[in-house]
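Student: Sequence and predicted structure are below.
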Amino acid sequence: MASLSCNRQSTCTAWFKTAKKVIIMLWPNIQSSLFACLAFLMLFANAAHGAEKWTWYDTTLEATFFFFQAEDYSQTLHIARNPDQLHERNSIMGSHPSTTQVKAYFALGAVSHFAIAYVLPHPWRTLWQGVWIGIEANSVQHNRKTEPSVGIHLHF
């Protein structure tokens, strides 16, 4: 994992410009989301203090989150491509999101999740990652139970 300690000002500026574009596009769907406000507050509050050292364990947790998020993304794209047969449970995206909304939502979610995890101190970082792994795993499992044909299927 590359270090993000170099020139935080320009890295943060580029990230916030991208996030702003996505938020403007999704604004009608996220304005009531308390999570979005809380996530940005945590990001701003902790960014000034600098991040603690990123560990191999942090990377493992983040990779686990991204694994489940990739499955959720695949399932949600399938739902978006079949609005006559399926509907989305995520109230932020609405019951019938477009594929563009799905892509933007998951791109912003992935970047935001990592950025927040990076600036959180331990043990909050581990708690943040663990809770979101649970949320994503639950979404994936629910989608598989209700519609077995949804998404990619990885068997172990």
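Tutor: Structure's in. What do you need?

Student: Point out where the chain drops to low pLDDT.
Tutor: Scanning the chain with the threshold set as pLDDT under 70 gives 1-51, 148-156.

Student: rerun that using 50 as the cut-off
Tutor: For the chain, applying pLDDT under 50 flags the ranges 1-7, 27, 29-34, 48, 154-156.

Student: So which other helices or strands are in contact with the longest helix along it?
Tutor: For the chain, the helix that runs over the most residues, judged by DSSP state H, is helix 56-81. With contacts taken as 3 or more CB pairs under 8 Å, 6 or more residues apart in numbering; DSSP states H and E, helix 56-81 sits against helix 99-119, helix 124-146. C-beta coordinates here come from the backbone N, C-alpha and C atoms, glycine included.

Student: Would you point to the one among those helices that's packed deepest?
Tutor: With neighbours defined as mean count of other CB atoms under 10 Å, the helices and strands packed on helix 56-81 peak in mean count at helix 99-119, which reaches a mean of 18.

Student: Packing partners of that helix?
Tutor: helix 8-30, helix 34-47, helix 56-81, helix 124-146.

Student: Taking helix 124-146 as reference, get the angle to that helix.
Tutor: For helix 99-119 against helix 124-146, the angle by axes from the mean of the first three to the mean of the last three CA atoms, to 10 degrees is 150 degrees.

Student: got the buried residues for the longest helix of the chain?
Tutor: Residues of helix 56-81 classed as buried by neighbour count (16 or more other CB atoms under 10 Å): 58, 61-62, 64-66, 68-80.

Student: Report the angle between that helix and helix 99-119.
Tutor: 170 degrees.

Student: Tell me if I'm right that Glu52 and Trp124 touch.
Tutor: No. Taking contacts as CB atoms under 8 Å, Glu52 lies outside contact range of Trp124: 9.9 Å.

Student: picking up where we left off before, which stretch among the helices and strands packed on helix 56-81 comes nearest Glu88?
Tutor: In terms of CB to CB, the element of the helices and strands packed on helix 56-81 nearest to Glu88 is helix 99-119, at 8.4 Å.
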